[in-house]
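Student: please work out how this folds:
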Amino acid sequence: MTYVVTVETCIPDDAPDLDALGRFGAAVLLERGFGSVAGAEGPDGVEVDVLDVDVTPHARGAELSVTALAPSLESAEDAVGAVVQEVLDRTDLLTGWLVVSSEVRLHTDRARESLAAADGPDVPPSDPAARRARHTAGGARREDGEDEDGVWSEVVEDAPDPETEIRAMAARLRSFEPAVFGASPDTAELAAGALVHAAEVFIDELYDDVQALADEDTDVADCQGHLWHLDRLPARHAARYDEPFARRFLVTAVALTTRFTDGGFARLGCLAEELVLRFLLEQARAALELYGLLDADVLAALERFRAHVHEGAEEEPPLLGFGTWFTPFGEDHYVHPYAADSFGDEEPAERTEGS
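Tutor: Got it, this is the predicted structure:
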């Protein structure tokens, strides 16, 4: 599972504020310090792979956004915090700098932007009720309010509030029974509904990202327009996230969420699907937080869902670089034909329009 860990660092209390040159120098030193870092150890020796780092310096230190591949959120936070402190300690000009915090943060502001962005008849509705009506007209819910498999609790169809509308979406997560969340039926329903809601929002916004790159005929590094998600992928490859890549990523997201909701999910197929899962979980947590529905029980339920989805992925190969993102983890792992590289390819084949 990939996580983006935000690490806050600070200079010694008695040190003067960093001027512009000092901030620039600190950013360079931190980026160079991470240049030789490939991984770290979390609690109990758990290995964490460091994929990318962005540094934003300020007058009293710097904020680092570290993309890491880790088996759990806690191991990512602990290992990334430790490796940042190690980089600080071994860099002479950063002596005395300290790690203040290391945490995976919710992207609440992005979720709020998403819900407020609808403007015009062609923009997907942000209200959960309207979105559900648009995507599920004529769905398979019986008159008694229970889905056809009978595994989710009764919900109200004409719900006036976001919580009930989110809960109503839970029955559409057909590949998973409530037990995978390891929580009470009430908590499991809320977590499942949030994931379906997140999938709708996420895919709508990826369409917008693809269109933004197409309109400018550019990549993420040079895009001047607003991007919802593609600019949150590892920054070192930003110049390679062009329109063809964005279309492949979008198709991967549609394929994975389809398998989640049609009962056909077996295992994650490639690294790009891991990234999609990370975005879905972030979107679900942010939406729940936005509506005041996020608590420790729901967070734990979503984490157990993440762990369940990763079962059967133990045979994943090591991360080999950008060219492997759409390479199947194995011959029996599914990746949509439009996006997939041939199993074992080191680099994706070039694609042309219509290929």
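
Student: state the distance from residue 238 to residue 232.
Tutor: Look at residue 238 and residue 232: by Cβ to Cβ, to the nearest Å, they are 10 Å apart. Using the backbone N, CA and C atoms, a C-beta is placed for each residue, glycine as well.

Student: can you show me the CA trace of stretch 204-215 as CSV?
Tutor: C-alpha atoms of stretch 204-215 as CSV (Å, rounded to 0.1, in the frame of the first residue of the first chain):
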residue,chain,number,x,y,z
ASP,A,204,-15.3,11.9,-12.1
GLU,A,205,-12.2,13.9,-11.1
LEU,A,206,-9.8,11.7,-13.1
TYR,A,207,-11.9,12.4,-16.2
ASP,A,208,-11.3,16.1,-15.5
ASP,A,209,-7.6,15.5,-15.1
VAL,A,210,-7.4,13.7,-18.4
GLN,A,211,-9.3,16.5,-20.1
ALA,A,212,-7.0,19.1,-18.6
LEU,A,213,-3.9,17.5,-20.0
ALA,A,214,-5.6,16.9,-23.4
ASP,A,215,-6.7,20.6,-23.6
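
Student: start the count at 24, not 1, going forward
Tutor: Got it, first residue is 24 now, which makes that one stretch 227-238.

Student: show me the contact partners of it.
Tutor: 137, 147, 242-243, 246, 248-253, 264-266, 269-270, 272-273, 276 (Cβ atoms under 8 Å, 6 or more residues apart in numbering).

Student: most centrally placed residue in this protein?
Tutor: With distances taken as Cα atoms, centre = their mean, residue 302 lies nearest the centre of the chain, 2.1 Å away.

Student: that residue touches residue 252, doesn't it?
Tutor: Yes: using Cβ atoms under 8 Å, residue 302 is in contact with residue 252, at 5.9 Å.

Student: residues shared between the contacts of those two?
Tutor: Joint contacts of residue 302 and residue 252 (Cβ under 8 Å, 6+ apart) are residue 225.

Student: and the residue nearest to the centre of the chain, what is it in contact with?
Tutor: 225, 252, 255, 276.

Student: narrow those residues to those in helices?
Tutor: 225, 276 (DSSP state H).

Student: for the contacts of residue 302, give me a markdown table that also has distance to residue 49.
Tutor: Formatted as a markdown table, the contacts of residue 302 follow (distance: Cβ to Cβ, whole Å):
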| residue | distance to residue 49 |
| --- | --- |
| 225 | 34 |
| 252 | 29 |
| 255 | 23 |
| 276 | 36 |
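
Student: mark which of the contacts of residue 302 are buried, thanks.
Tutor: The neighbour count (16 or more other Cβ atoms under 10 Å) marks 225, 252, 255, 276 as buried among the contacts of residue 302.

Student: would JSON lines of those residues with pLDDT be doable?
Tutor: JSON lines is the format used below for the buried ones among the contacts of residue 302 (pLDDT from 0 to 100):
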{"residue": "225", "pLDDT": "91"}
{"residue": "252", "pLDDT": "90"}
{"residue": "255", "pLDDT": "85"}
{"residue": "276", "pLDDT": "93"}
